[in-house]
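Novice: Dropping the sequence and predicted coords here.
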Amino acid sequence: MTESPVDVFDRLVQVRPPEHTPVLFDTACVLGGSIAGLLAARVLADHSRRVVIIERDRTDPQGLPRDGVPQDRQVHGILPGGVDQLERWLPGITGELKGLGAVSLAPDRSVMYIDGIEQLPSRDVHTLNCSRPLLEFAVRNRVLALPNVRKVTAQATALEYDNGAVSAVRFVVDGVEEEAVRVDFVVDAMGRASRLPDWVEQAGYSRPPLHRVPTGIHYATAMFERATGPDAAPPAFTGTMFPAQPGPRGLTAGLLIPIEDNQWMVGLVVHGGHQPPRTLEEFRSLCDELPPAFGKAVGGAVTREVLNFRQADNRRRDFVGLAHYPARLVSVGDAVASLNATFGQGMSSAALHASCLSAYLTGEPDLGLPAAWYFDLLKVATDALWGPSAGSGAGDAEPAQDEEASQQQWAMGQLMQASLTDETVADAFKAVAYMRAHPGTLADPALLERAIDVNKSADTAS
């Protein structure tokens with residue numbers, strides 16, 4: 001790959017549908033029916049006569065939480081860059097979500113605090129807010145409405161191979177009846193606990209190495225009735241983060257989000273040895289230490305009690321440079337990288353992986369060889385999110401150990417400080433945070449020079 005990571009990322013986040021979608025497969029199979037798996041199936045529908053999604057969970061027609069996704073009961077967000085990708089693959093999906101109750105907010109209705117300092121509002125950025133089950137419900141309905149896509153409720157158990165390529169998927173229905181489907185291409189969307197590495201290793205192929213970064217993150221989420229009517233306050237998204245050090249009682253982040261059915265979803269994230277609030281009384285007490293909007297929201301009637309969840313680590317699997325790997329086999333979503341949930345990148349990352357898959361399949365790949373080019377694209381997308389997610393979400397970032405890293409930290413500090421008062425710098429930061437630009441864009445010397453000048457002017461004025 002000769003393009004720079006910045007250029008590759010910029011190409012991946014484009015919103016135009018691909019113009020050339022050759023039919024490459026008779027049958028393609030996706031293992032897992034999450035957001036990542038569904039969007040992969042949507043891309044494969046352009047290139048396959050038939051797409052089969054094998055998902056062990058029976059999906060509720062009302063869009064209720066799935067047993068296989070315990071974290072879907074926690075606060076979730078779809079970043080603006082993720083919304084862009086959803087609209088790319090499922091045009092009109094945001095309108096459908098609004099019709100189902102999702103809340104779209106203009107920039108002046110969203111507030112973000114970092115270390116207690118209110119950030120400049122985002123210009124021309126509307127947020128889309130809803131629960132994870134509602135989003136998955138809408139995406140699943142759109143994908144399964146495609147004439148060449150179907151879902152099988154079953155548990156995938158193994159792969160079969162022929163001449164170095166995947167040739168079949170074995171699965172069990174209702175725990176007893178084993179079946180197999182012949183396939184021409186397979187996408188692993190089985191999540192952070194994917195068994196694919198075991199399967200390929202047992203078959204004599206290279207095992208993708210797994211890297212873990214401990215986080216010690218604990219969530220607590222509850223939902224409350226959101227008042228409506230002419231006298232009610234308009235809905236607003238409020239977020240607060242403590243990136244330099246944990247806030248009160250180990251708090252790393254707090255999120256207050258309006259969602260469907262006139263509800264507030266309130267999420268608190270704590271770090272390290274601190275325990276999340278487990279009772280409504282503890283939850284409300286911690287919210288009282290955040291901006292006033294939190295205390296007001298949690299004072300309403302409870303529509304769902306406090307639920308806890310623990311994320312022990314960030315994970316990523318590296319597929320680049322494997323000595324021996326099956327052809328016609330790729331991975332997406334958390335099966336590739338499970339990121340620090342504080343940053344809300346997971347679902348948007350899954351949507352970006354769909355664009356990686358499309359770029360690969362429209363690029364005339366040699367399907368008799370491992371999908372090296374796809375894995376290169378995937379690495380660019382993962383690297384762009386992994387650095388900030390693995391290095392700063394826990395509130396315990398270590399000082400730089402060498403001069404180059406120290407300079408980078410100093411430059412980032414200058415940019416962060418200037419983003420509080422300068423719209424140009426703030427826009428550059430938000431573009432990266434919202435997954436619309438690669439972090440490398442922040443290395444622009446002109447942007448750093450502007451930040452330094454802004455900070456000097458502020459110091460002089462004070």
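Specialist: Right, received. Where do you want to start?
Novice: got a list of what the closest residue to residue 131 other than its chain neighbours touches?
Specialist: Nearest non-adjacent residue to residue 131, counting by C-beta to C-beta, 6 or more residues apart in numbering: residue 259, 5.3 Å away. From N, CA and C alone the C-beta is placed, and that goes for glycine too. Residues near residue 259 by C-beta atoms under 8 Å, 6 or more residues apart in numbering: 101-103, 129-131, 134, 223, 265.
Novice: Which ones among these map onto helices?
Specialist: residue 134 (DSSP state H).
Novice: Now list the buried members of the contacts of residue 259.
Specialist: Neighbour-count burial within the contacts of residue 259 applies to 102-103, 129-131, 134, 223, 265; the criterion is 16 or more other C-beta atoms under 10 Å.
Novice: Kindly provide the distance from residue 306 to residue 346.
Specialist: According to C-beta to C-beta, to the nearest Å, residue 306 and residue 346 sit 22 Å apart.
Novice: Those two: who's more crowded?
Specialist: Just comparing residue 306 and residue 346: by other C-beta atoms under 10 Å the higher neighbour count belongs to residue 346, 27 against 20.
Novice: so what's that one up against?
Specialist: Residue 346 touches 76, 333-334, 338-339, counting by C-beta under 8 Å, 6+ apart.
Novice: for the closest residue in space to residue 227 that isn't next to it in sequence, helix, strand, or coil?
Specialist: Nearest in space to residue 227, with sequence neighbours left out and distances taken as C-beta to C-beta, 6+ apart, is residue 300 at 6.7 Å. Per DSSP: H, G, I helix; E, B strand; the rest coil, the local secondary structure of residue 300 is coil.
Novice: and residue 300, how many neighbours?
Specialist: Residue 300: 15 surrounding residues under other C-beta under 10 Å.
Novice: isn't residue 188 right up against residue 329?
Specialist: Yes - between residue 188 and residue 329 there is a contact under C-beta atoms under 8 Å: 7.2 Å.
Novice: Sort out for me which of the contacts of residue 346 are in strands.
Specialist: residue 338 (DSSP state E).
Novice: pLDDT check: weakest of the contacts of residue 346?
Specialist: Lowest-confidence member of those: residue 76, scoring 77 (pLDDT).
Novice: Please tell me how far that one sits from residue 55.
Specialist: To residue 55, residue 76 is 19 Å away according to C-beta to C-beta.
Novice: which residues touch the closest residue in space to residue 260 that isn't next to it in sequence?
Specialist: Distances taken as C-beta to C-beta, 6+ apart put residue 101 closest to residue 260, at 3.0 Å, once the chain neighbours are dropped. Counting by C-beta under 8 Å, 6+ apart, residue 101 touches 130, 134, 259-261.
Novice: who's in contact with stretch 156-175?
Specialist: The contact list for stretch 156-175 (C-beta under 8 Å, 6+ apart) reads 29, 31, 54, 56, 152-155, 178-183, 185-186, 190, 196, 199-200, 203, 326-329, 367-368.
Novice: What are the buried residues along that stretch?
Specialist: So for stretch 156-175, counting by 16+ other C-beta under 10 Å, buried means 156, 158-159, 161, 165-171.
Novice: what does stretch 185-203 give?
Specialist: By neighbour count on 16+ other C-beta under 10 Å, the buried set for stretch 185-203 is 185-192, 194-197, 199-200.
Novice: Report the buried members of the contacts of stretch 156-175.
Specialist: For those, a neighbour count by 16+ other C-beta under 10 Å gives the buried set as 29, 31, 54, 56, 152, 154-155, 181, 183, 185-186, 190, 196, 199-200, 326-329.
Novice: quick one, strands of the stretch 251-400 of the chain?
Specialist: Taking DSSP state E, counting those that start in this stretch to define them, one finds strands in the stretch 251-400 of the chain at 251-259, 263-271, 302-317, 329-331, 337-338.
Novice: Of those, which is nearest residue 117?
Specialist: With C-beta to C-beta as the criterion, residue 117 lies closest to strand 251-259 of those, at 14.7 Å.
Novice: C-alpha coordinates for that closest one, PDB please?
Specialist: What follows is strand 251-259, C-alpha atoms only, in PDB (Å, rounded to 0.1, in the frame of the first residue of the first chain):
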ATOM      1  CA  LEU A 251     -15.500   8.800  37.400                       C
ATOM      2  CA  THR A 252     -13.900   8.700  33.900                       C
ATOM      3  CA  ALA A 253     -17.000   9.800  31.900                       C
ATOM      4  CA  GLY A 254     -20.600  10.600  32.200                       C
ATOM      5  CA  LEU A 255     -23.200  10.700  29.400                       C
ATOM      6  CA  LEU A 256     -26.700  12.100  29.400                       C
ATOM      7  CA  ILE A 257     -28.500  11.200  26.100                       C
ATOM      8  CA  PRO A 258     -32.200  11.600  25.000                       C
ATOM      9  CA  ILE A 259     -33.400   8.400  23.400                       C
END
